[in-house]
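**Q** the sequence isn't on hand, but the structure is:
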């Protein structure tokens with residue numbers, strides 16, 4: 001169980017590193033996470049997370065039960081079991097925390113991508129508006145300047 005938890009934690013850490021730095025692999029991971037979050041997958045992920053959380057609570061309960069015994073009644077086997085339960089509980093908790101971090105990173109990356117697209121569209125619209133405004137302002141200035149010239153010639 002401990003080897004499995006360490007493998008899961010290292011895989012989650014690698015996934016977080018891929019999401020943090022902009023690499024070609026990041027786009028694939030984001031697309032894969034998008035696919036995973038569609039359909040019945042969120043229900044399965046929540047069920048697995050709930051089972052891991054219940055196992056975490058059971059391990060914490062076992063540690064508390066062993067520690068509640070009198071010190072003279074503890075034998076080396078109980079101490080080893082307590083250490084094992086504490087290690088498993090901490091690994092499960094850390095794994096759940098990293099899953100939450102992956103979910104939030106994926107959410108923020110998607111939001112940032114949408115905001116960038118929106119900002120780019122607004123910038124293009126603003127440029128088009130500024131170009132149109134500058135063009136009409138130049139036309140107005142050009143018309144006013146030509147009418148002043150023609151008016152000055154008529155008065156002379």
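**A** Cool, the structure landed. The shown structure was predicted, so the numbers you read here are calculated from the model rather than taken from an experiment.
**Q** for the protein, give me the ranges with low pLDDT.
**A** Counting by pLDDT under 70, the low-confidence segments of the chain come to 135-156.
**Q** next, residue 39: secondary structure please.
**A** Judged by DSSP: H, G, I helix; E, B strand; the rest coil, the three-state class of residue 39 is coil.
**Q** who are the packing partners of the host helix or strand of residue 7?
**A** Assessed by DSSP states H and E, residue 7 sits inside helix 2-20. With contacts taken as 3 or more CB pairs under 8 Å, 6 or more residues apart in numbering; DSSP states H and E, helix 2-20 sits against helix 24-36, helix 76-155. No exception for glycine: its C-beta is placed from N, CA and C like everyone else's.
**Q** so what's the gap between the first one and the chain middle?
**A** When C-alpha coordinates are averaged (CA atoms, centre = their mean, to the nearest Å), helix 24-36 and its chain have centres 12 Å apart.
**Q** and the next helix or strand past that helix?
**A** Past helix 24-36, further along toward the C-terminus, the next helix or strand under DSSP H and E is helix 41-67.
**Q** tell me what that following helix is packed against?
**A** The elements that helix 41-67 packs onto, with contact taken as 3+ CB pairs under 8 Å, 6+ apart, are helix 76-155.
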